[in-house]
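Q: The following comprises the amino acid sequence and a computationally predicted model.
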Amino acid sequence: MATHGADSEVGKLRTVLLHRPGNELKRLTPRNNDRLLFDGIPWVARAQEEHDAFAEALRARGAEVLYLTDLLTETLAEPSARHHAITTALAGLHLGDTLRDYLARFLGDASPDELTDYLTAGIRNDEVRGGFGLVTSLLATDDFLIDPLPNLLFTRDSSVWVRDRVAVTSLTMPARSRETQLTELIYTEHPRFRGTGKIHGWHHEHVEGGDVLLMAPGVIAVGVGERTTPAGVERFARQAFHADLAHTVLAVPIAQERATMHLDTVCTMVDVDKIVMYPNVADSLQAYAVTAAGTADDERALVLSVADAEPFLVAAAKAMEIDTLHQIDTGLDPVTAEREQWDDGNNTLAIAPRVAVAYERNHETNARLEEAGIEVVRIAGSELGSGRGGPRCMSCPVSREPIPVD
Ligand SMILES: NC(=O)NCCC[C@H](N)C(=O)O
């Protein structure tokens, strides 16, 4: 079995899970894009070109690229996995029995490829109209019976590998909650991942992967804001300690705003002791260091010790046992920083220590990264960025090499 797992943000990237934008993006309209968490209507063909170039840049550096839809289609070849996928996709109370039964038969007849498309791009009412009862007659023609999942693009958020375990997350926004049904199915049923230990899960308190940063082996920072809740970080910490995945979890409050929806929108690691960070929040960012006071057979019985809040960079350096966590600023001045933070200048994907993938448009931030000795692999993201996510958001590292010891 392939070995999977990651213990840092910067170990050389071996395997990464991506989602190539597909038909689900074609569902976005000016009337539904806010609800579906996109800031505009992407040009889909161009988004695909940009994404292909992103994947190619990762391959060129030696990473194996897995596509979520390939894994899903392979998973759906198994009858029990198909049954589970269909049942969970149709669990919504908006369908009613007649339509649910019809859709179960319709999806049951679909090939694995078609089923993947229905589960990711959704099904609109007018695509099945034809006398299937009261609910379909009363719903608007363009209502979705199964919602599309345009934010699948951001594979970072729906699962996170910590050491050799995978955490299926629990997404907060209704437009995204179904994504984790798919990641859970893949990690449970796909032959490549069979037997992988799991933590968390979509039935737990909310934690999103964009909030989870593996600062160093044993040290995990978790942003708490618009997406991850206080109860979510507590649950995550309990599970991480109980499974011996970490000795410290840093709970980091962030503003509950779209611009800072996840911790990785304000900072990302680019080396073992370097972080690119939005300077407009750097001074006020705090962290509560959480550790386990003792052990317990049951994760729920673990007593957590919570230190007083400290400046994030100080608390992180202490937990990581380094002298200083060096900050590289986004932008040049507060306005450029605000523009480049919005355009995911902070949201870099480290593919090795001191090598990071970044959107080309963030000139000033990229220049600062280079001044600090970081190699920047630039990618285009004019269309990809319309969902408000950068290279880190669009990637879930499945396997990284351990950090080299000096
Ligand atoms: N880790 C990230 O910051 N992911 C970006 C998610 C963007 C997506 N449109 C969302 O609002 O959830």
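A: Right, received. Where do you want to start? Numbers count the residues shown, from 1 in each chain.

Q: Test my guess that residue 334 contacts residue 282.
A: No: with contact taken as C-beta atoms under 8 Å, residue 334 and residue 282 are classed as non-touching, separated by 11.6 Å. To be clear about C-beta, it is placed using only N, CA and C from the backbone, and glycine gets the same treatment.

Q: Have a look at those two and say which one is more surrounded.
A: residue 282 (18 against 10; other C-beta atoms under 10 Å).

Q: looking at it, that one is touching residue 328, isn't it?
A: No: the pair residue 282 / residue 328 is not scored as a contact, 10.4 Å apart, by C-beta under 8 Å.

Q: any shared contact partners between the two?
A: Common contacts of residue 282 and residue 328, defined by C-beta atoms under 8 Å, 6 or more residues apart in numbering, are absent altogether.

Q: For residue 390, see how far away the closest residue to the ligand within the stretch 201-350 of the chain is.
A: Among the residues of the stretch 201-350 of the chain, residue 210 lies closest to the ligand, at 2.3 Å counting by C-beta to the nearest ligand atom. Using C-beta to C-beta, to the nearest Å, one gets 10 Å for the distance from residue 210 to residue 390.

Q: Same check on residue 321?
A: From residue 321 over to residue 390 the distance is 29 Å, taken as C-beta to C-beta.

Q: more crowded one of those two?
A: residue 390 (27 against 9).

Q: how about the closest residue to residue 151 other than its chain neighbours, what does it touch?
A: Nearest in space to residue 151, with sequence neighbours left out and distances taken as C-beta to C-beta, 6 or more residues apart in numbering, is residue 176 at 5.1 Å. With contact set as C-beta under 8 Å, 6+ apart, residue 176 has these partners: 37, 149, 151, 157-158.

Q: Pick out whichever of those residues sits closest to the ligand.
A: Within these, proximity to the ligand (C-beta to the nearest ligand atom) peaks at residue 37, which comes in at 3.6 Å.

Q: if I read this right, the closest one contacts residue 152, doesn't it?
A: No: in this structure, residue 37 sits apart from residue 152 without contact. The criterion is C-beta under 8 Å, and the distance is 11.5 Å.

Q: for the stretch 1-150 of the chain, which spans come out with low pLDDT?
A: Low-confidence segments of the stretch 1-150 of the chain (pLDDT under 70): 1-2, 129-131.

Q: helices or strands next to the helix or strand containing residue 101 in the packing?
A: Under DSSP states H and E, the secondary-structure element containing residue 101 is helix 96-108. Counting contacts by 3 or more C-beta pairs under 8 Å, 6 or more residues apart in numbering; DSSP states H and E, the secondary-structure elements packed against helix 96-108 are helix 79-89, helix 134-138, strand 144-146.

Q: Residue 351 is nearest to which of these?
A: Of all the helices and strands packed on helix 96-108, helix 79-89 sits nearest to residue 351, with 31.5 Å by C-beta to C-beta.

Q: Specify the helix with the largest residue count in the protein.
A: With residue count as the measure and DSSP state H as the assignment, the chain has helix 44-60 as its longest helix.

Q: Packing partners of that one?
A: Here helix 44-60 is seen to pack against strand 13-18, strand 64-67, strand 355-359, strand 375-379 when contacts are counted using 3+ C-beta pairs under 8 Å, 6+ apart.

Q: Recalculate using a threshold of 6 Å.
A: Based on contacts counted as 3 or more C-beta pairs under 6 Å, 6 or more residues apart in numbering; DSSP states H and E, the elements that helix 44-60 packs against are strand 64-67, strand 375-379.

Q: TSV please, covering these and showing mean neighbour count and distance to the ligand.
A: Rendered in TSV, the data for the helices and strands packed on helix 44-60 read as follows (neighbours: other C-beta atoms under 10 Å; distance: least, C-beta to the nearest ligand atom, whole Å):
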stretch	mean neighbour count	distance to the ligand
strand 64-67	16	18
strand 375-379	18	16
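
Q: what about stretch 240-256, how long is it end to end?
A: 25 Å (C-alpha to C-alpha, to the nearest Å).

Q: how about it: buried residues?
A: Using 16 or more other C-beta atoms under 10 Å as the test for burial, stretch 240-256 gives 240-243, 245-246, 248-254.

Q: do stretch 170-186 as well
A: Judged by neighbour count (16+ other C-beta under 10 Å), stretch 170-186 contains these buried residues: 170-173, 175-186.

Q: Are stretch 272-284 and the ligand in contact anywhere?
A: No: residues of stretch 272-284 are not located near the ligand by C-beta under 6 Å from any ligand atom, the shortest gap being 12.7 Å.
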